[in-house]
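Participant: Give me a model of this one.
(2 chains)
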2 protein chains.
Amino acid sequence: MKTLLIAAHGSRREASNQEVLTLAERVRGMPDLDFDAVEAGFLELAEPSIPAALERCIERGADEVDVFPYFLAAGRHVITDIPAAVEPLRQRYPWVDIRILEHLGAAEGLARLIGESARADG
Amino acid sequence: MKTLLIAAHGSRREASNQEVLTLAERVRGMPDLDFDAVEAGFLELAEPSIPAALERCIERGADEVDVFPYFLAAGRHVITDIPAAVEPLRQRYPWVDIRILEHLGAAEGLARLIGESARADG
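Facilitator: Numbering: from 1, shown residues only, chains lettered A, B, ... in the order given. You can find the predicted model right below:
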């Protein structure tokens, strides 16, 4: 069972965290999705934390979890903090294949999305 | 002449600002783009500032500028700071149609992009 975990920063504004949870739900509803489940977790300021979310994925039967850093820039959070949050779970569940994907800001389709959104909205 | 201005946060990490400039270049190169020009500007910590970038768009002939907030959450930066950065330019150039589009985190196609990126990368 393969799960996608959207790893976001987390905010003091509950509405921002809710935006992420809603997005995870929308990804879950995508046709042709290559995952059996989609969850969200937060680096700080919101629940569930990334380790707690990972643990939940595994308890629900995931033997493969792809962690998608929902960040625009490859800063400290992406380079250091997310790997550090994931590592203890890798050690605790060595039979689970936990991979960290490229962050959103590096997504191939981002330029197209911006061009199309701007047209739709403008 | 219609210009798209990508309005990003700006970072102390020069590489993050460079990521935004590169993205603006990639948007500029999109086929069927609905804009004559694409620029980038930063809310803080990097140059050009949003007002300076807007001014440059107008000096280069834009009579319509769509400002795209390159932010994931509708927090203070999106709700307050970007409108505040834009307003003086609206007053200085009342003949230019400056519009603020929806922020990236609200883009219709974002769920699909995440699903597809995760599949491509996973």
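
Participant: Just the element for A:A84, please.
Facilitator: helix A:82-92 (DSSP states H and E).

Participant: Contacts for that helix, please.
Facilitator: A:7, A:43, A:49-51, A:54-55, A:58, A:67, A:69, A:96, A:98, A:100 (C-beta atoms under 8 Å, 6 or more residues apart in numbering or on different chains). Any C-beta I mention is one placed from the backbone N, CA and C, and that applies to glycine too.

Participant: Give me the residues contacting stretch A:94-107.
Facilitator: A:54, A:58, A:62-74, A:78, A:82-83, A:86, A:89-90, A:110, B:19, B:23, B:72, B:113-114, B:117-118, B:121-122.

Participant: Can I get the buried part of these as one ChimeraX selection?
Facilitator: In ChimeraX, this line selects whichever of the contacts of stretch A:94-107 come out buried by 16 or more other C-beta atoms under 10 Å in any protein chain shown:
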select /A:54,58,62,64,65,66,67,68,69,70,71,72,73,74,78,82,86,89,110 /B:19,23,72,113,114,117,118,122
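
Participant: SS state for A:R99?
Facilitator: strand (DSSP: H, G, I helix; E, B strand; the rest coil).

Participant: Show the model's pLDDT score for it.
Facilitator: What the model reports as pLDDT for A:R99 is 97.

Participant: How about A:R60: what's its closest non-neighbour residue?
Facilitator: Excluding the flanking residues, the one nearest A:R60 by C-beta to C-beta, 6 or more residues apart in numbering or on different chains is A:A37, at 6.6 Å.

Participant: unless I'm mixing things up, the one you found is touching A:A24, no?
Facilitator: No: counting by C-beta atoms under 8 Å, A:A37 does not reach A:A24; the two are 10.0 Å apart.

Participant: Please tell me how far A:N17 sits from A:Y70.
Facilitator: 11 Å (C-beta to C-beta, to the nearest Å).

Participant: Which residues are in contact with each of the two?
Facilitator: Between them, A:N17 and A:Y70 share the contacting residues A:A8, judged by C-beta under 8 Å, 6+ apart.

Participant: ok, A:A37 - contacts?
Facilitator: Neighbouring residues of A:A37 by C-beta under 8 Å, 6+ apart: A:M1, A:K2, A:T3, A:L4, A:R28, A:C57, A:R60, A:A62.

Participant: Quick check: of those residues, which lies closest to chain B?
Facilitator: Nearest to chain B among these is A:L4, at 5.3 Å by C-beta to the nearest C-beta.

Participant: Give the burial count for that closest one, as a bare number.
Facilitator: 28 (other C-beta atoms under 10 Å in any protein chain shown).

Participant: Over to the one 3 residues further on?
Facilitator: Residues within reach of A:A7, counting by other C-beta under 10 Å, total 29.

Participant: A:E102: how many residues sit nearby?
Facilitator: Neighbours of A:E102 under the rule other C-beta under 10 Å: 17.

Participant: Could you do the one 5 residues further on as well?
Facilitator: When counting by other C-beta under 10 Å, one arrives at 22 neighbours for A:A107.

Participant: so the residue nearest to A:R60 bridges to which residues?
Facilitator: A:T3 (DSSP bridges).
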